[in-house]
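*Asks:* please work out how this folds:
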Amino acid sequence: MKLLILNGPNLNLLGLREPEIYGNRTYSDLCKLIEAHAAAIGVEAEVRQSNHEGVLVDWIQEARGKFDGIVLNPAAYTHTSIALLDAVLAAGVPTVELHVSDPDTREPFRRISYVRPACIACVKGRGLEGYLDAMDLLKLKMEN
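*Replies:* From the prediction side, this is the model:
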């Protein structure tokens, strides 16, 4: 089983950007955490990050037929991107929406997710460990 882990804008700044919200661990720490968990649960995981919406759309489209599931942290694009919604719908790859923080406890505009209707689940507010939960959800879905 192959999982694609996609991270949107500013996630490359984990550990630097608003540590009171996102914690002190870095993007490198996140990648290592994902790689270790993938090995532990017996899946392949490819981790990518882009600050550009079109690049994320391209990667989602390219996942069709290559990956069994996507963990998508659209970051700020959660609240603005119909293009990401359409890409997830078109790709037809089971996708879990992921957020390090809980957008429902933050500013009102963050409570809107354009991507969520195309996803099989949403994991939010669990810090970096939320990625592991999302990976587990996808593995369970593939096994059933």
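
*Asks:* got the contact list for the spatially most central residue of the chain?
*Replies:* Closest to where the C-alpha atoms of the chain average out (CA atoms, centre = their mean) is residue 72, at 2.4 Å. The neighbours of residue 72, taking CB atoms under 8 Å, 6 or more residues apart in numbering as the test, are 6, 8, 60, 84, 88, 95, 96, 97, 98, 115, 119. Heads up, the C-betas are built off the backbone N, CA and C, glycines and all.

*Asks:* can you put those residues in CSV and add neighbour count?
*Replies:* Formatted as CSV, these follow (neighbours: other CB atoms under 10 Å):
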residue, neighbour count
6, 24
8, 23
60, 26
84, 24
88, 25
95, 28
96, 25
97, 25
98, 28
115, 26
119, 22
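
*Asks:* am I right that residue 139 is in a helix?
*Replies:* Yes: counting by DSSP: H, G, I helix; E, B strand; the rest coil, residue 139 is found in a helix.

*Asks:* partners of the residue nearest to the centre of the chain in the sheet?
*Replies:* Going by DSSP bridges, residue 72 is paired in beta bridges with residue 6, residue 97.

*Asks:* confidence score at it?
*Replies:* Note for residue 72: predicted pLDDT of 98.

*Asks:* quick one: it from residue 7, how far?
*Replies:* According to CB to CB, to the nearest Å, residue 72 stands 8 Å off from residue 7.

*Asks:* swap in residue 27?
*Replies:* 8 Å.

*Asks:* those two: which is more packed in?
*Replies:* Neighbour count, other CB atoms under 10 Å: between residue 27 and residue 7, residue 7 has more, with 25 against 18.

*Asks:* that one: what's it in contact with?
*Replies:* 27, 30, 47, 48, 49, 50, 73, 75.

*Asks:* select only the buried ones of those residues in PyMOL?
*Replies:* One line in PyMOL is enough to select the buried members of the contacts of residue 7, burial here meaning 16 or more other CB atoms under 10 Å:
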select buried, resi 27+30+47+49+50+73+75
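
*Asks:* which of the contacts of residue 7 fall within helices?
*Replies:* Among the contacts of residue 7, the members falling in helices are 27, 30 (criterion: DSSP state H).
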